[in-house]
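S.K.: coords please:
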Amino acid sequence: MSTTATPEERRAVLPGDDLVAHADAVMDRAFTIDAAPDRVWPWVQQLGKQRAGWYLPRRLERWLPRGRRAVRHVEDRWQHLRPGDVVPDYGGRHETFTVHAVHPPTTLDYTSQRGGAQVSWAITLAPVPTGPTDDGPERTRLHLRLRVGPLKHPWLVRTGGDAVDRLTIEGMAAGLAERLAGPADG
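M.R.: Alright, predicted model coming up:
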């Protein structure tokens, strides 16, 4: 599944862009998933370390210890994010994201401080328009934008960080699509 954002998506102004107004690195990823935004939203809202995890497809998760695999169902306890809530992150032992804005089922926006750098992470969901003869499932365009700055070595984040981000989001996109396509199986 391609996670390449379109030129229009990369130019779009997203919630949280103003939190890191002069970002040294901006990473945009986007993909289309066969489910309506209101079906995708609960899965997005529960992402995170010590929460639902980071969705990967079954073929990759089977190599992880059971306790490190992401859930395969929606958990009510993670469906109530509010601005100010803190979500643990995989970026390090004490790294977290703070919820900046929540607008179900379209926008979830986080902020974080990593050393001297500010980070914002916006996740937006938009319905994919259907044509008059389209009788397929409703679809959602999921757009993720990470902004970071100031950075001492922006080139390092733009190259190495971008590669890691691409692989991470591609895994998440495939894992999320798998979960939405099949029955929940804990």
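S.K.: can you verify my assumption that M1 contacts A30?
M.R.: No - using Cβ atoms under 8 Å, M1 is not in contact with A30, being 10.8 Å away. C-beta coordinates here come from the backbone N, C-alpha and C atoms, glycine included.
S.K.: neighbour count winner among those two?
M.R.: A30 (22 against 14; other Cβ atoms under 10 Å).
S.K.: buried ones in the helix or strand bottoming out on mean pLDDT in the chain, by neighbour count?
M.R.: Lowest mean confidence among the helices and strands of the chain (mean pLDDT, DSSP states H and E): helix 154-156, at a mean of 90. Across helix 154-156, burial judged by 16 or more other Cβ atoms under 10 Å covers no residue at all.
S.K.: please apply the same query to stretch 100-108.
M.R.: Applying a neighbour-count criterion of 16+ other Cβ under 10 Å, one finds H100, A101, V102, P105, T106, T107, L108 buried in stretch 100-108.
S.K.: same question for stretch 24-37.
M.R.: Within stretch 24-37, the residues that qualify as buried are D24, A25, V26, M27, D28, R29, A30, F31, I33, A35, A36, P37, counting by 16+ other Cβ under 10 Å.
S.K.: among those residues, which are in strands?
M.R.: With strands defined by DSSP state E, the entries of the buried residues of stretch 24-37 inside them are A25, V26, M27, D28, R29, A30, F31, I33.
S.K.: now the first one: how far from R93?
M.R.: I take that to be A25. According to Cβ to Cβ, to the nearest Å, A25 stands 23 Å off from R93.
S.K.: next one: the fifth one
M.R.: Taking Cβ to Cβ as the measure, R29 falls 25 Å from R93.
S.K.: what segments of the chain are strands?
M.R.: 25-33, 86-88, 96-103, 107-114, 117-127, 140-149.
S.K.: circling back to that earlier point, in the buried residues of stretch 24-37, find the pair that's most separated.
M.R.: Comparing all pairs in the buried residues of stretch 24-37 by Cβ to Cβ, the longest separation belongs to D24 and A36, at 36.0 Å.
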